[in-house]
Every structure is written in C-alpha cells, then in structure tokens.
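Engineer: Here is my input, please return the structure:
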Amino acid sequence: MTGRPAAGGGRWVSVAPERLAGWIARFAARHGPIEAVTLPDVVRLDAADGAVAECHVPFPPLRPPPGLAPPGLPAPAAALVAHACRERTVGVLLARLGGHAAGVFTGTRLVAAKAGSRQVHGRSAAGGWSQQRFARRRDKQSAEALRAAADVAFRLLTPRLADLEALVLGGDRRAIDEIREDRRLAPLFALEAGPFLTVPDPRPAVLEGAPDLFRAVRIRLLDP
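Structural biologist: You can find the predicted model right below:
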C-alpha cells in the first residue's frame, strides 16, 4: 500500500485486491462503523468519526461475480472486493522512445509477452546545419522505434481481442499517443482502461510487475 497527496484534499492509497477486505475492516476499526454507498465508478465508505474512503472501482463498471463477496462487510464494499479480485484477461502496452513491451495477463499470470528496443539518440549540443541534421536523424529513429512498438502490439495483442477485457497503457504518454495513430490498433485502443502506468524503460521485468499497478484499488482518504 502506498500513499500520496490528492488534489482537492486527502491522500491516495493503493491496495491490492487480495488485501482490500482486510483494509476496509481496519478502516472501520480505526474510525468506527461505516456506511457504504455505490456511486458511479466509486464505492464511498463513510465512517462514524467523519473519515471518508472513496474507493475507485478498477475496470468499471462494478460487476461482482456471484458467490465471491466476503462476509462481514456492507454489501457495496463486499461487491467491490469481489469485483476487484475477479480474474480477468488484460492486455498491457508500455512504450517509451527506444523501448516497448506488450503482454497479456490472466489475473497476475503473464501468458504472452514481447519486448524490444531501438536506439534513439539524445539531443545534440552542436548548432547550425549539424544540429538540423542530427534532429532529422533523431526524428527518423523515433518514428522507427514507435512503429516497431505498434507492430509488436498488432502482432501480440490484436489476435487476442476476443479474450481481452481491457487494455492498460503505460510508459510515456507522448509515445503512446503516437502509437495510437496507427489505424490497425483502433479496435485495441477501444478497450483502453486506466490508470495510465508511469513506469521506467519497459523492460521485461517492468512488464511482469504491471499487475501490481493495474489491479490495485485506488482509494482517496479524507480524514475527519
């Protein structure tokens, strides 16, 4: 679980689905009995002492599978836990200039993956004609790197469109926006779901850790 300030007050925490029931129980133990209300894409927990936990539904809308809701929680909170813990098949595309990775996860298991890299030079300190020539070379390298990332996404993810429930994106937003322009990937990007994963260079190890980020339930905490 991690915490950071939230715009407009309070702080954000991220809780793994498997720990969410325990987190809610501890929230109630600290702040008193809770009332739970289902709002659009949020389950709001109001505690007796005035504390509030706004639990954002991962992969909305809220659709808990039958028979998995844990006992002892208010119905909306139990539904959220069941929904968050449900195993789903998710595609992931991570891209930065010079590097990319795509994968398919079933639950936390990585069932298909492909990563690659292309050399993209940094900025030149030279001026005049040399700088212009260097900029053209760098633009060409960038375009080739992003085209390679789009090709990987097309080959690995689009054949699995029928199985994917969502596409999670990450890396650098500008790189992803460039890849988004590839018309072959329009059906894939139609499955886009948040949050956007801010990750370092998309190496295989970074891709393997993606479920810790996209499966977590984001909660905005407001203290009394």
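Engineer: Let me see the ranges of the helices in the protein.
Structural biologist: Assigned by DSSP state H, the chain shows helices spanning 17-31, 75-85, 128-156, 173-180, 186-189, 204-208, 210-214.
Engineer: Select from these the stretch with the lowest mean pLDDT.
Structural biologist: For the helices of the chain, the weakest mean pLDDT is recorded on helix 128-156, namely a mean of 74.
Engineer: Out of the helices of the chain, flag the one nearest Leu110.
Structural biologist: helix 204-208 (5.7 Å; CB to CB). For the C-beta atoms, the positions are set from N, CA and C on the backbone; glycine is no exception.
Engineer: Does the closest one pack against any helices or strands, and if so which?
Structural biologist: Here helix 204-208 touches strand 89-96, strand 99-106, strand 109-117, going by 3 or more CB pairs under 8 Å, 6 or more residues apart in numbering; DSSP states H and E.
Engineer: and Val104, what does it touch?
Structural biologist: Residues in contact with Val104 (CB atoms under 8 Å, 6 or more residues apart in numbering) are 89-92, 110-113, 156-157, 160, 163-164.
Engineer: could those residues be laid out in TSV, adding distance to Pro70 and neighbour count?
Structural biologist: Converted to TSV, the contacts of Val104 look like this (distance: CB to CB, whole Å; neighbours: other CB atoms under 10 Å):
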residue	distance to Pro70	neighbour count
Thr89	23	16
Val90	23	23
Gly91	29	26
Val92	28	25
Leu110	27	17
Val111	27	12
Ala112	32	14
Ala113	32	16
Leu156	35	18
Leu157	33	23
Arg160	31	14
Asp163	28	13
Leu164	27	18
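Engineer: Tell me which two of those sit farthest apart.
Structural biologist: Every pair in the contacts of Val104 was compared (CB to CB); the two farthest apart turn out to be Ala113 and Asp163, at 15.2 Å.
Engineer: circling back: comparing the helices of the chain, which comes out most buried?
Structural biologist: helix 75-85 (a mean of 22; mean count of other CB atoms under 10 Å).
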